[in-house]
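Student: next one to model:
(4 chains)
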2 protein chains.
Amino acid sequence: MRRDVFQAIADPTRREILNMIAYKPLNVNSVAEHFDVSRTAIYKHMKILIECGLVDVKQQGRERYCEAKMERLSEVSDWVEQYRKFWTAKLDSLENYLNELQKKNK
Amino acid sequence: MRRDVFQAIADPTRREILNMIAYKPLNVNSVAEHFDVSRTAIYKHMKILIECGLVDVKQQGRERYCEAKMERLSEVSDWVEQYRKFWTAKLDSLENYLNELQKKNK
DNA sequence: ATTTTACAAAACCAAAAGGTTGCATATTTT
DNA sequence: AAAATATGCAACCTTTTGGTTTTGTAAAAT
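Tutor: Below is the predicted model of the structure:
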């Protein structure tokens, strides 16, 4: 099975999990309580996040605190940023066009 | 079926398709030639990209030119950027720590 | 010592994803 | 007019995904 960051963040539940633990690590049950699906389902999502490095686990007694490793998102950021020029270029020329239009109408 | 940008870019073949047509629109067959899978498989990937707005089609005779709409990636960019502080913050404090260490050793 | 809590993981299931072959249709080419 | 080309799409298949219930185990609370 593929297990990369792009695939991990494709699921909205997993994105929500990441958001929940962004500020403060939580244990699996605390995370699961916020969702309608079973704890096992959330555990499986968490496992995928762990396997691709987006989440790190610190065991503390019988609890396992899940911590978000957002720096793994840099892979996604880098990929997207290489295409930014393709859309900012368009917006720039639109801006130029509008500026020209305004000059004419003065 | 879900059809959002996050899901669309989760597949490596679709990311490669986007890259191929980033600079210049291509018709479906030209794109398909670069892959080992069938034309139909590529057509299906293309359909997903079209449905989520990442690709636009211009019909020209019997050919359909597929054009990348990279601005749709801003949704992904926005999502990732809201978490950037979580990893740059860590790097910053590491830098501070190293600076302090260097001062001490002078 | 017993019960409760937090969790992992197996077994199972339906639906979605990603692929195939085959056929229909509209435009070019020859 | 006939052949070739570019494409859409149905029908089908296998694997993956996202979910469930059930079972087992270790730590904490009573």
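Student: got the residues of chain A near chain B?
Tutor: A:2, A:6-7, A:9-10, A:12, A:15, A:18, A:22, A:68, A:70-71, A:73-74, A:76-77, A:79-81, A:83-84, A:86-87, A:90-91 (C-beta under 8 Å from any C-beta of the partner chain). Backbone N, C-alpha and C define where each C-beta goes, glycine included.
Student: try it again with 6 Å
Tutor: A:6, A:7, A:10, A:70, A:71, A:73, A:76, A:77, A:80, A:83, A:86, A:87 (C-beta under 6 Å from any C-beta of the partner chain).
Student: out of the residues you listed, which are buried?
Tutor: Neighbour-count burial (16 or more other C-beta atoms under 10 Å in any protein chain shown) applied to those gives A:6, A:7, A:10, A:70, A:71, A:73, A:76, A:77, A:80, A:83, A:87.
Student: poorly predicted segments of chain A, please.
Tutor: A:1-2, A:90-95, A:104-106 (pLDDT under 70).
Student: mind doing that once more with 90?
Tutor: Across chain A, the ranges flagged by pLDDT under 90 are A:1-3, A:87-106.
Student: show me where chain A has its strands.
Tutor: A:26-27, A:55-60, A:63-68 (DSSP state E).
Student: for the ones you listed, which one sits closest to DNA strand C?
Tutor: DNA strand C lies closest, by C-beta to the nearest atom of the strand, to one member of these: strand A:26-27, at 3.0 Å.
Student: helices and strands around that closest one, which ones?
Tutor: If you count contacts as 3 or more C-beta pairs under 6 Å, 6 or more residues apart in numbering or on different chains; DSSP states H and E, strand A:26-27 packs onto strand A:63-68.
Student: near DNA strand C at all, the strand it packs on?
Tutor: Yes: Strand A:63-68 reaches DNA strand C (C-beta under 7 Å from any atom of the strand) through A:63, A:64, A:65.
Student: now the buried members of those residues.
Tutor: Of these, these count as buried by 16+ other C-beta under 10 Å: A:64, A:65.
Student: count the residues that sit near residue A:103.
Tutor: 8 (other C-beta atoms under 10 Å in any protein chain shown).
Student: quick one: it from residue A:96, how far?
Tutor: To residue A:96, residue A:103 is 11 Å away according to C-beta to C-beta, to the nearest Å.
Student: tell me the contacts of the residue nearest to residue A:58 when sequence neighbours are not counted?
Tutor: Leaving aside its sequence neighbours, residue A:58 sits nearest to residue A:65 (C-beta to C-beta, 6 or more residues apart in numbering or on different chains; 4.7 Å). By C-beta atoms under 6 Å, 6 or more residues apart in numbering or on different chains, the contact list for residue A:65 reads A:25, A:27, A:58.
Student: these two touch, right, residue A:42 and residue A:30?
Tutor: No: in this structure residue A:42 lies outside contact range of residue A:30 using C-beta atoms under 6 Å: 10.1 Å.
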